[in-house]
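Chemist: Just a sequence and a predicted model for now, questions to come.
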Amino acid sequence: MPRALVTGAAGFIGSHLCDYLLDRGFSVLGMDNLVTGDLANVSHLGGRGFELVKHNVTSYVAVEGALDFVFHFASPASPIDYLKLPIQTLKVGSLGTHNCLGLAKAKGARFLLASTSEVYGDPRLHPQREDYWGNVNPVGPRGVYDEAKRFAEAMVMAYHRVHGIDTRIARIFNTYGPRMRLEDGRAIPAFMSQALRGEDLTVFGDGSQTRSLCYVSDLVDGIYRLTMSDVADPVNLGNPQEMTILALAQKILTLTGSRSRIAHLPLPVDDPRVRQPDITRARTVLGWEPRVPLDEGLTRTLADFRRRLGLI
């Protein structure tokens, strides 16, 4: 039975990854300091070979026994979180990544970094390929997340080259699905919560900025395929189907049947104008591409939001 450590295990994507690994016969040790994670996301995993340890990975990480894989997902990931927790975000990307790489080195474990499309910043290349170096403002308010992930990637490649650690880097684009926090602040949970409560849907700017939305089960399948591949270079994982934020808000109004209106607010500083992955590498080397249609994924996510809001 392979054994994996998942940091950020009580988070949105981390908890779905734990489900996926357990379904494939892994023993999973989850680690989370619960700053943005939620115990409810992993409460159903007891008795399945899962254990959760409360720990902040910016402190030394020690694990007893053998370990085959380290999946480093710990980090605030929503703008409202990393703008509120800028130093913690920088520390988990730097110290946390260093500590988890040290653990992988000591255990001879394969290491996967959950990086992000935010390493591309507000891109001047569209769609974004892995060989694009990005357009990031290092001193802007979003820089704490963008640069933490860029540093983490550099640290991973240094351990790969110097110490021969078996590493993978997943550049994750916008992902959605059940277990996203109701007050997450990102477009889909914000729009869904507002529509279901009968509140105005808050669209930043004129809504012409684009995002590419991948359902979480597709994303986790890509994470697993990348982990089991022999690809050390970064790989984009996301849905290449692009849509505007305004169109997304209108779609959610239609799916919910809400009578809410759309309200426009000022565009945040350094908010990316476009976001669309080039997934040629993932298709070629992993045989992966997203399969869940947007309407189906949104319908599943809405059912989860309705349940947690007490509407069903």
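Modeler: Structure's in. What do you need?

Chemist: Going by C-alpha atoms from here, please, whenever you check contacts or count neighbours.
Modeler: OK.

Chemist: tell me which helix or strand of this protein sits lowest on mean pLDDT?
Modeler: Ranking every helix and strand in the chain by mean pLDDT, DSSP states H and E puts helix 79-84 at the bottom, with a mean of 93.

Chemist: Okay, buried residues for it please.
Modeler: Buried residues in helix 79-84, defined by neighbour count with 16 or more other C-alpha atoms under 10 Å: Pro79, Asp81, Tyr82, Leu83.

Chemist: Give me the below-cutoff pLDDT ranges for the stretch 151-300 of the chain.
Modeler: Applying pLDDT under 70 to the stretch 151-300 of the chain picks out no residues at all.

Chemist: now the strands for it?
Modeler: 167-172, 175-176, 201-204, 210-212, 214-215, 235-237, 242-244, 262-265 (DSSP state E, counting those that start in this stretch).

Chemist: most remote residue from this structure's center?
Modeler: Distance from the C-alpha centroid of the chain peaks at Arg259, with 30.8 Å (C-alpha atoms, centre = their mean).

Chemist: for the residue lying closest to that one once chain neighbours are set aside, what are its contacts?
Modeler: Closest residue to Arg259 apart from its sequence neighbours, by C-alpha to C-alpha, 6 or more residues apart in numbering: Gly198 at 6.8 Å. For Gly198, the contacting residues are Ser258, Arg259, Ser260, by C-alpha atoms under 8 Å, 6 or more residues apart in numbering.

Chemist: From Ala303, how far off is Gly198?
Modeler: 16 Å (C-alpha to C-alpha, to the nearest Å).

Chemist: do Leu34 as well
Modeler: 25 Å.

Chemist: Need the single longest helix in the protein, by residues.
Modeler: Looking across the chain with DSSP state H, the single longest helix is helix 143-163.

Chemist: now the angle between strand 167-172 and that one, please.
Modeler: Helix 143-163 runs at 160 degrees relative to strand 167-172, counting by axes from the mean of the first three to the mean of the last three C-alpha atoms, to 10 degrees.

Chemist: Tell me the helices and strands packed up against helix 143-163.
Modeler: helix 86-91, helix 97-107, strand 110-116, strand 167-172 (3 or more C-alpha pairs under 8 Å, 6 or more residues apart in numbering; DSSP states H and E).

Chemist: contact partners of the last one?
Modeler: By C-alpha under 8 Å, 6+ apart, the surrounding residues in contact with strand 167-172 are 110-117, 153, 156-157, 160, 219, 223, 226-227, 231-238.

Chemist: Quick one, which of the residues you listed are buried?
Modeler: Buried by 16+ other C-alpha under 10 Å: 110-117, 153, 156-157, 160, 219, 223, 226-227, 231-232, 234-238, out of the contacts of strand 167-172.

Chemist: What's the separation between the residue nearest to Arg259 and Phe191?
Modeler: Gly198 sits 10 Å away from Phe191, going by C-alpha to C-alpha.

Chemist: Out of the contacts of Gly198, which is nearest to Asn137?
Modeler: Nearest to Asn137 among these: Ser260, at 35.0 Å, using C-alpha to C-alpha.

Chemist: Now Thr167. Nearest residue, chain neighbours left out?
Modeler: Phe111 (4.7 Å).

Chemist: For the one you found, list the residues it contacts.
Modeler: Counting by C-alpha under 8 Å, 6+ apart, Phe111 has contacts Phe69, Val70, Phe71, His72, Leu101, Ala104, Ile165, Asp166, Thr167, Arg168.

Chemist: Who is it paired with across the strands?
Modeler: Beta-bridge pairing for Phe111 (DSSP bridges): Val70, Thr167.

Chemist: In three-state terms, label Val28 for me.
Modeler: strand (DSSP: H, G, I helix; E, B strand; the rest coil).

Chemist: Would you agree it is in contact with Ala9?
Modeler: No: contact between Val28 and Ala9 fails when scored by C-alpha atoms under 8 Å: they sit 9.5 Å apart.

Chemist: between the two, what contacts are shared?
Modeler: Cys18.

Chemist: more neighbours, these two?
Modeler: For Val28 versus Ala9, neighbours defined as other C-alpha atoms under 10 Å are more numerous around Ala9 (32 against 26).

Chemist: Next one: Gly14 relative to Met31, how far apart?
Modeler: 10 Å.

Chemist: who touches both of these two?
Modeler: Joint contacts of Gly14 and Met31 (C-alpha under 8 Å, 6+ apart) are Val6, Thr7, Gly8.

Chemist: So which of the residues you listed sit within strands?
Modeler: Residues from these lying in strands, with DSSP state E as the criterion: Val6, Thr7.

Chemist: can you put the shared contacts of Gly14 and Met31 in JSON lines and add distance to Val53, neighbour count and pLDDT?
Modeler: As requested, these are exported to JSON lines (distance: C-alpha to C-alpha, whole Å; neighbours: other C-alpha atoms under 10 Å; pLDDT from 0 to 100):
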{"residue": "Val6", "distance to Val53": "10", "neighbour count": "25", "pLDDT": "98"}
{"residue": "Thr7", "distance to Val53": "10", "neighbour count": "29", "pLDDT": "98"}
{"residue": "Gly8", "distance to Val53": "10", "neighbour count": "29", "pLDDT": "98"}
